[in-house]
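> pasting the sequence and the predicted model now:
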Amino acid sequence: MDIVYIRELEVETVIGIYDWEREIRQRVSLDLEMGTDILAAARSDDIENTLNYKSVSDRLIGFIEESEFLLVETMAEQIAEILQDEFGVKWLRLRLGKPGAVPQARDVGVIIERGERV
């Protein structure tokens, strides 16, 4: 299995459980690893034969900007579903952070892994 990755994708959204958080937009940060086979793309040198990280990024940015979640856990799970359902990703690891949520920490959040790593 090969891995296509996206690092430090930052998007502004409504996220949080407190009333004041529901009235502002906050930044979330994603690191994403997606298991795929890049051999066909490497041989053909054709973007149509690979998992296009630009298309994935555009879809996730649009989804996150338009969403409103209470929990990062819910957002992470829905991102994983998009990747599996719309892009055919069989395995993924997603780190979803909420920088600044805890003043004493640079970042807090969740890391999820979905699918089987082959």
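Cool, the structure landed.
> do a quick rundown of the helices in this structure.
Secondary structure of the chain (DSSP state H): helices at 39-44, 53-66, 72-87.
> just send the ones you listed back as a markdown table, with mean neighbour count too.
In short, each C-beta sits where N, CA and C put it, glycine included. Converted to a markdown table, those look like this (neighbours: other CB atoms under 10 Å):
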| stretch | mean neighbour count |
| --- | --- |
| helix 39-44 | 12 |
| helix 53-66 | 14 |
| helix 72-87 | 16 |
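> now the ones you listed in a markdown table, with mean pLDDT?
Shown next, in a markdown table, are these (pLDDT from 0 to 100):
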| stretch | mean pLDDT |
| --- | --- |
| helix 39-44 | 95 |
| helix 53-66 | 98 |
| helix 72-87 | 98 |
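> possible to save these as CSV with distance to Arg106?
Shown next, in CSV, are the helices of the chain (distance: least, CB to CB, whole Å):
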stretch, distance to Arg106
helix 39-44, 35
helix 53-66, 20
helix 72-87, 15
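> go through the ones you listed and name the closest to Ile24.
In terms of CB to CB, the element of those nearest to Ile24 is helix 53-66, at 13.9 Å.
> now find how far off-centre the closest one is within its chain.
Mean C-alpha position of helix 53-66 versus that of the full chain (CA atoms, centre = their mean, to the nearest Å) differs by 8 Å.
> between helix 72-87 and it, find me the angle.
In terms of direction (axes from the mean of the first three to the mean of the last three CA atoms, to 10 degrees), helix 53-66 departs from helix 72-87 by 140 degrees.
> give me the helices and strands touching helix 53-66, please.
In terms of contacts (3 or more CB pairs under 8 Å, 6 or more residues apart in numbering; DSSP states H and E), helix 53-66 is packed against strand 2-15, strand 26-36, helix 72-87.
> for Asp19, find the nearest of the helices of the chain.
helix 72-87 (17.8 Å).
> which residues are contacting the closest one?
13, 15, 28, 30, 32, 34, 51, 55-56, 59-60, 63-64, 67, 69, 89-90, 92, 94, 96-98, 109-110, 112, 114-115 (CB atoms under 8 Å, 6 or more residues apart in numbering).
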